[in-house]
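Engineer: build me a model from this:
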Amino acid sequence: MILALAVWSAVALLATLIAVFQNTPLLNQGPLSTRVTLSPARMTHRDGYSYVHPGWWFGWGDSVGERRSSILLYEDDAALPLPHALHDDIEQLGGGRWSHWTRSIIFSPSDGSDPRTNGRRYSVQALTLPVRAGSIVVALVAAIAALRTFLKILKSPKVERPADEVPGDPISAVNAAAPALAASAAGEVPRRSAPSRKVLALASMAVSVLMVVVILVILEGWLRLNAAPPADAQLRLATGTGWARSDAPYRRIDSAPKDGTAPMRVLFMGDSYTHARTWGDKVIAQLRESGVPAVGFEAGVSGFGTTQALLLLRDLIPELKPDAVVFQFYGWNDMRDNWRYPGITYNPRMTLRPFMDEDGSIRAPGAWRIAVKELELWKQLVEPWLEQSRASRAERLVATEGIDALAARRAAILVPFSEPASWLPFYTPSMQEGPYVSGAWRVTDRALRELRDLCAAHQVPLMVIGIDGPFTVDDEAVQRCISGRLSTGDDWDFDLPMKRLAQSLNAIGVPFEDMVPRLRERRNRMGGAAQYDGPDTGAHLTPGAEVVFADAVSPWLISIDQRRLDADAPDHARRR
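Structural biologist: Residues are numbered from 1 along each chain as shown. Okay, the predicted model is just below:
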């Protein structure tokens, strides 16, 4: 019965994993999935470029505020690349956009043709309905069978030992064994004593748990062997800061002279506007052109807030010994990155980050949480399912309660970074004193003071440069991201985050340069040309537009270098 219990437990585990996590890419696109051809006869023209086909065979699709589907739609042998598309975009733009919506497949062919007559094969890769429903049935049956087997072990009848049995007496032992021998000869199963029954039950549980662990270890090993390379190879999970650069903590920008002159060492920090960007290189080049030998260290990390940058700087200052630190602040995101009520997330991988409380204490993710997120079972099974559920719940809470109500009751949830309700308040004057915006700025102010104090403790000058979203500069981005009512109404200010940041930095005596006016001026000089590489909120500066950073930072660094050389007269004379 021990073996039977272990087998039923293993079957129940595997079937439960399939039943619970059936809407994950691992299962919908794995060995249990099937390619099912969509019948042209069942396709119906919806409007514009869009067509619809029944999709009940592939499980539940997306719904309002929730992405539940992870199926793949193929045109011949090529997967259509734009799932979860807005239905209006499918109708008006086409181009292979598609959506698994509730119980239907709404899609557009890649070239705008009619899928009923273009001769191409459209198919869906997914777990089909029999597998989805069968996994639930098998999980229930196996769980019931395992429970019944375990109860049989617990209810095994008890054998009473004779009260006058004397251990070590051969005659008594033979007399006591006689009934059991007779029962055995008659084919009956001897009853167990109470102690052996408990031991058997514990042994059964131990074997079942061991079987489950072995299966999970085998699954983890198989997933690691067959895991696809990460989509974003620039980042990795890291204890303390939540995530870090995959290669090294920084990139060296080396243009120092070869004659032994001590160069100025400049550390550039920030988020994705700094990570692998070239504005630090442009700063160093301008310093060299001005006669200042310099070497740079670009240490930006995508998605970092001020608290994470502070933790990184604590490690980098002793190692790099910079002569100056230039910190890039992103007005659209950084306050939200610093605040957890609610917090924001960029993707399922980047959900663990340290948060600073208003008293200055920092709560960082523990090593065990990072280790769990590194497991392939977590990444490929639990994480897609959990993050979809968590994001959907957060969006519903934001819609029903409002962002200020969530902040007031300290709701430590995560919302997608693109959720308008999480960033529009920072540009809305009437919401500045609300729990959400004011709380985010209080924590940001504290983190900026800690950043200043850290640099001051190492006698390193600090400068902050501010950048904001593309809709604060480019006209096309305004039309795409901001409604006319907001952009033209009285309760709206494109410059509000930068004004608030300037106020904070002036209060603590940190030099600040706002890049937004410089970018607008450059746009006007270029006849309205876009300064960002796209009109959406996720866009970044074009490489050419990054020159505004160098124009703003270089004069300050030259003055810092002059002070450094004045304090070291021999080196100054040698350079001249």
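Engineer: what is the burial count for Ala6?
Structural biologist: By the criterion of other C-beta atoms under 10 Å, Ala6 has 22 neighbours. For glycine as for every other residue, the C-beta is placed from the backbone atoms N, C-alpha and C.
Engineer: what's the spacing between it and Gly544?
Structural biologist: 65 Å (C-beta to C-beta, to the nearest Å).
Engineer: and Arg46, by the same measure?
Structural biologist: Using C-beta to C-beta, Arg46 is found at 42 Å from Gly544.
Engineer: so for these two, which sits in the more crowded spot?
Structural biologist: Set side by side, Arg46 and Gly544 show more neighbours around Arg46, with 16 against 13, by other C-beta under 10 Å.
Engineer: pretty sure that one is in a strand, no?
Structural biologist: Yes - judged by DSSP: H, G, I helix; E, B strand; the rest coil, Arg46 forms part of a strand.
Engineer: what about this protein, any weak spots by pLDDT?
Structural biologist: 64-66, 156-197, 229-233, 255-260, 483-489, 568-576 (pLDDT under 70).
Engineer: top helix in it by residue count?
Structural biologist: In terms of residue count, the longest helix belonging to the chain (DSSP state H) is helix 194-226.
Engineer: what's the helix or strand just after it in contact with?
Structural biologist: Downstream of helix 194-226, the next assigned helix or strand under DSSP states H and E is strand 235-238. Applying C-beta atoms under 8 Å, 6 or more residues apart in numbering, the contact partners of strand 235-238 are 243-246, 301-303, 349-350, 352, 370, 373-374.
Engineer: likewise for stretch 505-513?
Structural biologist: With contacts defined as C-beta under 8 Å, 6+ apart, stretch 505-513 is touched by 445, 448-449, 452, 462-466, 501-502, 552-553, 556.
Engineer: quick check: end-to-end length of that stretch?
Structural biologist: Using C-alpha to C-alpha, to the nearest Å, the end-to-end distance of stretch 505-513 comes to 10 Å.
Engineer: and that stretch, how far out from the chain's middle?
Structural biologist: On the basis of C-alpha atoms, centre = their mean, to the nearest Å, stretch 505-513 sits 32 Å off its chain's mean C-alpha point.
Engineer: okay, buried residues for it please.
Structural biologist: Using 16 or more other C-beta atoms under 10 Å as the test for burial, stretch 505-513 gives 505, 510-513.
Engineer: now for these, which pair is the farthest apart?
Structural biologist: The distance between the two most remote of these (C-beta to C-beta) is 10.9 Å, for Val510 and Glu513.
Engineer: and Trp492, which of the three is it?
Structural biologist: Classification of Trp492 using three-state DSSP returns coil.
Engineer: please enumerate the strands of the stretch 451-576 of the chain.
Structural biologist: Along the stretch 451-576 of the chain, counting by DSSP state E, counting those that start in this stretch, strands occupy 462-467, 512-514.
Engineer: what's the most buried one of those strands?
Structural biologist: Burial of the strands of the stretch 451-576 of the chain is given as mean neighbour count (mean count of other C-beta atoms under 10 Å); strand 462-467 ranks first at a mean of 24.
Engineer: burial of the residue lying closest to Arg277 once chain neighbours are set aside, as a residue count?
Structural biologist: Distances taken as C-beta to C-beta, 6 or more residues apart in numbering put Glu546 closest to Arg277, at 6.4 Å, once the chain neighbours are dropped. Neighbourhood size, Glu546 [other C-beta under 10 Å]: 22.
Engineer: what's near enough to touch Glu546?
Structural biologist: Neighbouring residues of Glu546 by C-beta under 8 Å, 6+ apart: 277-279, 282.
Engineer: format those as JSON lines; extra columns: neighbour count, secondary structure and distance to Val437.
Structural biologist: As requested, these are arranged in JSON lines below (neighbours: other C-beta atoms under 10 Å; DSSP: H, G, I helix; E, B strand; the rest coil; distance: C-beta to C-beta, whole Å):
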{"residue": "Arg277", "neighbour count": "21", "secondary structure": "coil", "distance to Val437": "28"}
{"residue": "Thr278", "neighbour count": "17", "secondary structure": "coil", "distance to Val437": "33"}
{"residue": "Trp279", "neighbour count": "28", "secondary structure": "helix", "distance to Val437": "29"}
{"residue": "Lys282", "neighbour count": "22", "secondary structure": "helix", "distance to Val437": "33"}
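Engineer: what is the nearest of these to Ser361?
Structural biologist: Of the contacts of Glu546, the one sitting nearest to Ser361 (C-beta to C-beta) turns out to be Arg277, at 32.0 Å.
Engineer: thought the closest one was touching Thr542?
Structural biologist: No - applying C-beta atoms under 8 Å as the test, Arg277 and Thr542 come out as separate, 10.6 Å apart.
Engineer: tally of neighbours for Ala367?
Structural biologist: Neighbours of Ala367 (other C-beta under 10 Å): 11.
Engineer: then Ser50?
Structural biologist: Residues lying near Ser50 (other C-beta under 10 Å) number 24.
Engineer: now it: phi and psi?
Structural biologist: Ser50 adopts backbone torsions of phi -90, psi 150, taken as degrees, to the nearest 10.
Engineer: state the distance from the residue nearest to Arg277 to Leu505.
Structural biologist: The gap separating Glu546 from Leu505 is 22 Å, by C-beta to C-beta.
Engineer: who's in contact with the closest residue to Ser438 other than its chain neighbours?
Structural biologist: Nearest residue to Ser438, sequence neighbours excluded (C-beta to C-beta, 6+ apart): Gln432, at 6.8 Å. Counting by C-beta under 8 Å, 6+ apart, Gln432 touches 438, 496, 500.
Engineer: the last one against Trp441, yeah?
Structural biologist: Yes - using C-beta under 8 Å, Arg500 and Trp441 qualify as a contacting pair, with a distance of 6.3 Å.
Engineer: what helices or strands is the helix or strand hosting Trp368 leaning on?
Structural biologist: Using DSSP H and E, Trp368 sits within helix 367-374. Helices and strands touching helix 367-374, by 3 or more C-beta pairs under 8 Å, 6 or more residues apart in numbering; DSSP states H and E, are strand 235-238.
Engineer: quick one, phi psi at the residue lying closest to Tyr51 once chain neighbours are set aside?
Structural biologist: In space, and not counting its chain neighbours, Tyr51 is closest to Met43: 5.0 Å by C-beta to C-beta, 6+ apart. Main-chain torsions, Met43, degrees, to the nearest 10: phi -80, psi 140.
Engineer: quick one: residues contacting Met43.
Structural biologist: With the criterion set at C-beta under 8 Å, 6+ apart, Met43 makes contact with 51-53, 115-116.
Engineer: what's the answer for Ser50, then?
Structural biologist: 87, 90-91, 94, 106-108.
Engineer: do Ile482 as well
Structural biologist: Neighbour list for Ile482: Phe471 [criterion: C-beta under 8 Å, 6+ apart].
Engineer: cool, and Val212?
Structural biologist: With contact taken as C-beta under 8 Å, 6+ apart, Val212 is in contact with 9-10, 13.
Engineer: for Pro318, see how far away it is.
Structural biologist: From Val212 across to Pro318, the span is 46 Å (C-beta to C-beta).
Engineer: and for Glu433?
Structural biologist: Distance of Glu433 to Pro318, computed by C-beta to C-beta: 40 Å.
Engineer: how about Leu320, nearest residue that isn't a chain neighbour?
Structural biologist: Using C-beta to C-beta, 6+ apart, the nearest residue to Leu320 is Phe297, at 5.5 Å.
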